[in-house]
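Asker: Return atomic coordinates for the entry below.
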Amino acid sequence: MNRKSRKKESSFKNLTSKDMIIKLGILSSAIALFGISKLSFTPSQPKPKRQVYIAYELKTEKSVNFVTDLNDKFSRTNLESPMNVDILKDRQISNIYGVSSQGSLRDIEKDLQVIRSDDQALIQAINRVKGLIDEKQELHAFIVSEGTNDKLTIKQIQNIAQEIAQKKPKNFHLYLMGVNPDFKIEFSDAFHSIREIVHSCPNTQYEQCSAFIDKLEE
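Answerer: Numbering: from 1, shown residues only. Predicted coordinates for the structure are as follows:
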């Protein structure tokens, strides 16, 4: 092979090497773009079929004991659903357990102590329930409170209940647990417009309230 031929062969080899580098670069870019595209179009996780909301009122030692027993029952129930737990505090609600919380419901027992709250906190809890209603998701809401017979508060609850009724929720259940027997009539009547989906039990009937929690496993 003469010098001219060797030069042509060398040039061909160099050209081929460059071409391979370019092609590899293009291939790498394509793979990267494909990966990004795949990530971009990965469908979002579907919403869970059911969520559980609990609001605890802790005004007295008696209510703390009642709530602690119920909380233990909830912690032993196989819910397999996102859960949020609020406590009524002063004039508002405060979240103590949520979807991103570590540990179990039993871990919040240290927070279950006598805490002052008034009817405005109860109103906030019921309002939060209203905001959680989603026609595509089943909702079980538990308001653990002695209730109230205050006329102004009862009127506010009636208004919220009517707003809920207008939503015509199909997969919504509201449980009023631990109601003071002295408030039972007035408090229950406040939810008259959604009475078909409201279940109540007094603070003297733990077993009845516990049975409501058992429904979550059905």
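Asker: mind showing which ranges of this structure have poor pLDDT?
Answerer: Low-confidence segments of the chain (pLDDT under 70): 1-48.
Asker: And the strands in it, which stretches?
Answerer: Using DSSP state E, the strands of the chain run over residues 50-56, 83-89, 92-97, 138-144, 172-179, 198-202.
Asker: can you list those in a markdown table and add distance to Glu218 and mean neighbour count?
Answerer: C-betas here are computed from N, CA, C, even on glycine. Formatted as a markdown table, the strands of the chain follow (distance: least, C-beta to C-beta, whole Å; neighbours: other C-beta atoms under 10 Å):
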| stretch | distance to Glu218 | mean neighbour count |
| --- | --- | --- |
| strand 50-56 | 12 | 22 |
| strand 83-89 | 17 | 22 |
| strand 92-97 | 23 | 17 |
| strand 138-144 | 11 | 22 |
| strand 172-179 | 12 | 23 |
| strand 198-202 | 14 | 19 |
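Asker: Now distance to Asp118 too, for these, in a markdown table please.
Answerer: Formatted as a markdown table, the strands of the chain follow (distance: least, C-beta to C-beta, whole Å):
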| stretch | distance to Asp118 |
| --- | --- |
| strand 50-56 | 14 |
| strand 83-89 | 8 |
| strand 92-97 | 10 |
| strand 138-144 | 15 |
| strand 172-179 | 17 |
| strand 198-202 | 21 |
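Asker: closest one to Phe66 among these?
Answerer: Phe66 lies closest to strand 172-179 among the strands of the chain, at 5.3 Å (C-beta to C-beta).
Asker: Neighbouring strands - and their directions - for the closest one?
Answerer: Here strand 172-179 is paired, per DSSP bridges, with strand 138-144 (parallel), strand 198-202 (parallel).
Asker: what angle separates it from strand 50-56?
Answerer: Interaxial angle of strand 172-179 relative to strand 50-56 (axes from the mean of the first three to the mean of the last three C-alpha atoms, to 10 degrees): 20 degrees.
Asker: Residues in contact with strand 172-179: which ones?
Answerer: By C-beta atoms under 8 Å, 6 or more residues apart in numbering, the residues outside strand 172-179 that reach it are 57, 63, 66-67, 70, 129, 133, 138-147, 164, 187-188, 191, 194, 197-203, 209, 212, 215.
Asker: before we move on, the earlier item: identify whichever of the strands paired with strand 172-179 lies nearest to Asp90.
Answerer: Among the strands paired with strand 172-179, strand 138-144 sits nearest to Asp90 (C-beta to C-beta), with 17.3 Å.
Asker: chain center to that closest one, what's the gap?
Answerer: Offset of strand 138-144 from its chain centre (C-alpha atoms, centre = their mean, to the nearest Å): 10 Å.
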